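**Student:** Need a 3D model of the following:
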Amino acid sequence: MSEQILIQPSTNTEKAEKARRSLEQARVCHERYLIRKDNNDLQEAITNYIDAVKYDPTIPETYYRLATLMWEQGQISINTAIDQCKTAVSLAPDNMNAHLYAGFFMQMAENYPEAVEEFKSAIKSGRLKSARPRLVLSQTLLQKINANQGSAADYMKFIYYFLSGSIMLAWDRPCLKMFYKRMSEDVSVFTYNTVGSFLEKFKLYDKAEKIYRQAVTDTNHAQLFYDKMGDLALKNNEIDLCLDCYRKVVESNPLNRDVLVKIATVLQTYYPDNTTEAIECYEKLLEFDIDTASIYYELGHLYLRREDKINSISAFKLALEKDSSNPYYNNSLAYAYSKAELYDDAIEHYQKAISLNPDNEWTSIVCQALGGIYAEVNGNMEAAVATYQAGIILNPQNYDLYISLGDIYMAEYDLDKAIKAYCDAILVNPEDYRGYSKAGIALYEKDYLEEALVAYHKAIELNPENAYAQNNLGILYLDGLCDAEEALEYFEAAIELNSSYTLAYFNAGRASQEMGFINDAANYYQTAIDLNKVTEELDEEDITSRLRKLFEV
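**Tutor:** Numbers count the residues shown, from 1 in each chain. This is a model prediction of the structure:
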């Protein structure tokens with residue numbers, strides 16, 4: 001028993017000494033971080049504060065300083081930081097800084113009454129050295145006034161605490177010491193920042209960049225000026241330089257959330273194939289536990305771009321776990337499910353997105369996607385038609401919905417309804433060739449030859465590069481008007497536009513045969529046979545039979 005009594009004081013003394021050393025080292029790193037804003041200093045300060053708590057959990061300073069750094073890093077919430085500061089207050093009720101930091105976080109949480117009380121406690125504890133809590137209290141009162149929660153008395157108190165705090169700075173030596181150390185640095189940063197911004201305003205971008213580069217060398221705020229250089233480079237469309245500058249910021253401070261967002265956005269916009277780095281940025285952003293739903297949403301799209309269907313589904317599901325009633329998340333998850341051929345799940349989430357309907361125009365596009373699954377995958381034409389019609393009701397100007405509805409009717413050979421749907425599409429957008437081209441097919445099938453000719457001529461007028469319209473117009477002239485010469489011109493135009501168009505060669509062969517151009521017809525038929533071995537568009541026996549008949553006596 002006596003041995004234990006002898007050993008215990010020694011152990012406590014050793015721990016107290018370790019706590020003191022850790023706390024001193026933490027203070028040094030913390031001060032360096034406040035001046036240089038280097039993330040390495042931040043991490044080292046946090047580690048040393050934690051060590052100090054482990055060795056001696058009764059030191060109040062470790063709690064409020066650790067709370068400040070961990071909150072700044074995004075590791076804890078405002079409420080957790082407040083709890084940490086309250087622990088410091090409970091350990092040392094007369095500690096000015098403990099009350100000051102507790103009030104600061106309460107102010108951040110917009111809990112003005114409790115913040116004011118904490119600052120008053122700090123003033124009471126600090127007495128003549130209460131400049132900082134007085135100035136911070138004046139700022140809190142001003143915020144309260146600006147938030148329309150203050151009174152005339154609060155305004156008078158603001159003036160009193162601001163003036164008294166300014167006067168009492170003379171007695172607050174720690175504040176003066178830090179103020180002196182930071183003053184020269186702040187003046188330098190302010191000068192470079194002001195001159196650079198002035199040059200930018202007058203579009204003297206090269207000179208502004210030189211100023212910022214000099215500031216990187218001359219100040220301890222390289223992050224700030226690399227960030228400004230990155231913004232300037234982006235403005236000038238110098239994307240490689242922009243990314244290089246942003247990356248330098250992240251090298252110095254991997255937890256700079258704003259710059260991580262900038263890098264991810266630039267990569268997605270200008271380097272869509274560089275999904276790996278963009279994903280890494282978003283994964284780092286998740287560590288902040290801020291806007292996690294939108295981050296998972298962006299990750300889902302990046303995984304889709306990489307054809308990583310499983311991870312894209314997982315990311316969108318995580319986004320929905322955070323915000324289950326978000327229509328855009330439901331739509332994206334549905335799309336990911338459809339890419340993975342999990343159509344029942346896709347239908348469920350498309351339906352949810354449609355029911356939420358944040359915007360009629362957007363929802364009509366979702367109806368089109370859902371209708372496509374009903375028609376092309378499930379073969380449920382009735383459900384597809386109903387979905388397309390619902391989309392048209394939501395947005396009567398959705399051109400593609402009319403086209404899709406017309407295609408359904410054509411598949412069912414309901415020509416009257418198909419023609420009406422395609423004509424409705426033309427009324428919505430008379431400058432899109434697709435409506436005319438599709439209407440031409442339906443009109444020809446309905447034996448409205450003249451109307452079909454008008455439709456195809458308009459389709460070609462709007463898009464002369466449309467090989468299929470050229471070929472189909474040739475068919476109308478050949479089979480409808482028996483004008484092989486006119487038809488051949490359109491078939492040859494189709495071949496010129498698409499040298500692998502098997503059907504156009506076959507039709508050119510038919511037109512040449514009709515005109516008695518045996519050699520030309522033979523060449524066209526033979527080319528059609530050769531291409532058809534790859535495309536398998538036509539019945540090869542039919543082409544071969546036509547080729548043989550050319551040379552029969």
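
**Student:** Need the pLDDT of the residue nearest the centre of the chain.
**Tutor:** Relative to the mean C-alpha position of the chain, the nearest C-alpha, by C-alpha atoms, centre = their mean, is the one of Glu298, at 4.8 Å. According to the per-residue confidence, Glu298 scores 96 in pLDDT.

**Student:** From the contact counts, what lies against the helix or strand it falls within?
**Tutor:** If you go by DSSP states H and E, Glu298 is part of helix 292-305. On a contact count with 3 or more C-beta pairs under 8 Å, 6 or more residues apart in numbering; DSSP states H and E, helix 292-305 meets helix 257-270, helix 275-286, helix 309-322, helix 327-339. Glycine gets a C-beta too; all of them are placed from N, C-alpha and C.

**Student:** Pretty sure the residue nearest to the centre of the chain sits against Ala264.
**Tutor:** Yes - with contact taken as C-beta atoms under 8 Å, Glu298 and Ala264 are classed as touching, separated by 7.1 Å.

**Student:** and the nearest residue to Ile159 once chain neighbours are set aside, how many neighbours?
**Tutor:** With C-beta to C-beta, 6 or more residues apart in numbering as the measure, Ser138 is the residue that lies nearest to Ile159, at 7.8 Å, once sequence neighbours are left out. The local packing count at Ser138 equals 21, with neighbours defined by other C-beta atoms under 10 Å.

**Student:** swap in Ala425?
**Tutor:** When neighbours are defined as other C-beta under 10 Å, Ala425 has 25 of them.

**Student:** What are the buried residues along stretch 212-225?
**Tutor:** Neighbour-count burial for stretch 212-225, with 16 or more other C-beta atoms under 10 Å as criterion, is recorded at Tyr212, Arg213, Ala215, Val216, Thr219, His221, Ala222, Gln223, Leu224, Phe225.

**Student:** does the second one sit in a helix, a strand or a coil?
**Tutor:** When you say that, I think you mean Arg213. Following DSSP: H, G, I helix; E, B strand; the rest coil, the label given to Arg213 is helix.

**Student:** Pretty sure Glu200 sits against Ala208.
**Tutor:** Yes - with the criterion set as C-beta under 8 Å, Glu200 and Ala208 qualify as a contacting pair; they are 4.7 Å apart.

**Student:** Need the overlap of contacts for those two.
**Tutor:** Common neighbours of Glu200 and Ala208, counting by C-beta atoms under 8 Å, 6 or more residues apart in numbering, are Leu232.

**Student:** And stretch 494-512, end to end?
**Tutor:** Taking C-alpha to C-alpha, to the nearest Å, the span from the opening residue of stretch 494-512 to its closing residue is 15 Å.

**Student:** tell me which residues in it are buried?
**Tutor:** Residues of stretch 494-512 classed as buried by neighbour count (16+ other C-beta under 10 Å): 494-495, 497-498, 501-512.

**Student:** just stretch 398-417 next, same as before
**Tutor:** Within stretch 398-417, the residues that qualify as buried by neighbour count (16+ other C-beta under 10 Å) are 398-410, 414-415, 417.

**Student:** Can you give the domain ranges for this protein?
**Tutor:** Domain assignment for the chain by automatic domain parsing gives 13-182, 254-358.

**Student:** And the shortest one, end to end?
**Tutor:** For domain 254-358, the first-to-last residue distance is 36 Å (C-alpha to C-alpha).

**Student:** Report the distance from it to the chain centre.
**Tutor:** Computed by C-alpha atoms, centre = their mean, to the nearest Å, the separation of domain 254-358 from the middle of its chain amounts to 8 Å.

**Student:** Next: the first one.
**Tutor:** Between the centre of domain 13-182 and the centre of its chain there are 36 Å (C-alpha atoms, centre = their mean).

**Student:** Show me what the mean pLDDT comes to for it.
**Tutor:** Over the span of domain 13-182, the pLDDT mean works out to 78.

**Student:** follow-up on the earlier one: which neighbours do Glu298 and Ala264 share?
**Tutor:** Between them, Glu298 and Ala264 share the contacting residues Tyr282, judged by C-beta under 8 Å, 6+ apart.

**Student:** I'd like to know which of the buried residues of stretch 212-225 is nearest to Ser22.
**Tutor:** Ranked by distance to Ser22 (C-beta to C-beta), the buried residues of stretch 212-225 are led by Gln223 at 26.8 Å.
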